[in-house]
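Undergrad: What follows is a predicted protein model with its sequence.
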Amino acid sequence: LEALDNDLLLQCASYLDADGLAWLGRASAAFGKPQDGQQRSLANEAAHQLFRRSATDEERRCLPKHEDESDIGLYRALEQ
């Protein structure tokens, strides 16, 4: 996995739904924990990007991110 670029991994992860991203984050620390210098884990970054791309302005207003909420949780709320 170390040989693969994070952008490629994020692109692959973008095909997963929120539950799939949660499972990905649980599967390996490489996906579930922020790596050196990163604010989010790879799984949370994928959810963050998916939310930004697919949520309308109205959905963003209705689904504010709470301080203790993961990006996967926010993306899951958008899917429902």
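TA: That came through fine.

Undergrad: Show the average pLDDT along the helix or strand hosting residue 21.
TA: In this structure, residue 21 sits in helix 18-27 according to DSSP states H and E. Mean per-residue pLDDT for helix 18-27: 94.

Undergrad: Ok, stretch 61-80 next?
TA: 91.

Undergrad: gap between residue 58 and residue 7?
TA: 30 Å (C-beta to C-beta, to the nearest Å). For every residue, glycine as well, the C-beta is placed using N, CA and C.

Undergrad: and what of residue 73?
TA: Relative to residue 7, and taking C-beta to C-beta, residue 73 is found at 24 Å.

Undergrad: So for the two, which residue has more residues nearby?
TA: Under the criterion of other C-beta atoms under 10 Å, the comparison of residue 73 against residue 7 puts residue 73 first, with 16 against 8.

Undergrad: how about the most centrally placed residue in the chain, what does it touch?
TA: Centroid-nearest residue in the chain, with C-alpha atoms, centre = their mean: residue 47, separated by 2.3 Å. When contacts are counted by C-beta atoms under 8 Å, 6 or more residues apart in numbering, residue 47 touches 18, 21, 70, 71, 72, 74, 75.

Undergrad: So of these, which two are at opposite extremes in space?
TA: Greatest spatial distance in these: 21 and 74, 11.2 Å, computed using C-beta to C-beta.

Undergrad: Please identify which of these two sits among more neighbours.
TA: Neighbour count, other C-beta under 10 Å: between residue 21 and residue 74, residue 21 has more, with 27 against 21.

Undergrad: What are the boundaries of the helices in this protein?
TA: Assigned by DSSP state H, the helices in the chain fall at 6-13, 18-27, 29-32, 42-54, 57-62, 71-79.

Undergrad: tell me the angle the fourth one makes with helix 71-79.
TA: When you say that, I think you mean helix 42-54. 30 degrees (axes from the mean of the first three to the mean of the last three C-alpha atoms, to 10 degrees).
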